[in-house]
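Participant: Here is my input, please return the structure:
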Amino acid sequence: MSTPTMLVVEDNSDHLELTLTTLQQNGVPHDIVVARDGREALDYLFCEGMYKDRNANSQPELVLLDLGLPKLSGLEVMRRMREDPRTFFVPVVMLTLVSEQSEAVRAFKGGLNSYVSKPLDYRDFEEKLQQVREYWRTSNFAPLTIL
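Facilitator: As a prediction, the model looks like this:
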């Protein structure tokens, strides 16, 4: 059995480093794939561009998605995920700045699973990521796993 994948979509290098460090320090049982903009995220998810040889039947177990991305916004990435049966059930947790909360409301209407604000304090951010990871790893059941 292969190691599950987590897709982290983040364009801010400081936020990305903090996210990856937190996930790695807490023993995430996933291979972590990083996309730095919305277009790259969709290329990964739909096996296009530099990911054309990726196995399309192996979708990430979780997507950590920034809202404010270059090329395509986090809202657009999520909208396209929800339109496609290959990614419809992939859980999406949006990591956003507090100033983007109104956009998060729009995201919930479009199928967002969870919204987490990015705190400025490292320890707060670390704790939130641990909680997100633990919930999706142990408590959430995707519709396909309960059918």
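
Participant: can you tell me which helix or strand Leu7 belongs to?
Facilitator: strand 5-9 (DSSP states H and E).

Participant: in its sheet, what does that strand sit against?
Facilitator: According to DSSP bridges, strand 5-9 forms sheet pairs with strand 31-35 (parallel), strand 62-66 (parallel).

Participant: Mind putting those strands into JSON lines with distance to Glu76, mean neighbour count and mean pLDDT?
Facilitator: Yep, even glycine has a C-beta here, placed from its N, CA and C like the rest. Shown next, in JSON lines, are these (distance: least, Cβ to Cβ, whole Å; neighbours: other Cβ atoms under 10 Å; pLDDT from 0 to 100):
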{"stretch": "strand 31-35", "distance to Glu76": "13", "mean neighbour count": "17", "mean pLDDT": "93"}
{"stretch": "strand 62-66", "distance to Glu76": "11", "mean neighbour count": "26", "mean pLDDT": "91"}
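
Participant: can you redo these as TSV with distance to Asp124?
Facilitator: Output for the strands paired with strand 5-9, formatted as TSV (distance: least, Cβ to Cβ, whole Å):
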stretch	distance to Asp124
strand 31-35	21
strand 62-66	16
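
Participant: helix or strand right after the strand holding Leu7?
Facilitator: Once the chain leaves strand 5-9, the next helix or strand it forms, by DSSP H and E, is helix 13-25.

Participant: quick one: that next one to strand 5-9, angle?
Facilitator: Compare the direction of helix 13-25 with that of strand 5-9 by axes from the mean of the first three to the mean of the last three Cα atoms, to 10 degrees and you get 160 degrees.

Participant: Can you spell out which helices and strands pack onto helix 13-25?
Facilitator: On a contact count with 3 or more Cβ pairs under 8 Å, 6 or more residues apart in numbering; DSSP states H and E, helix 13-25 meets strand 5-9, strand 31-35, helix 122-134.
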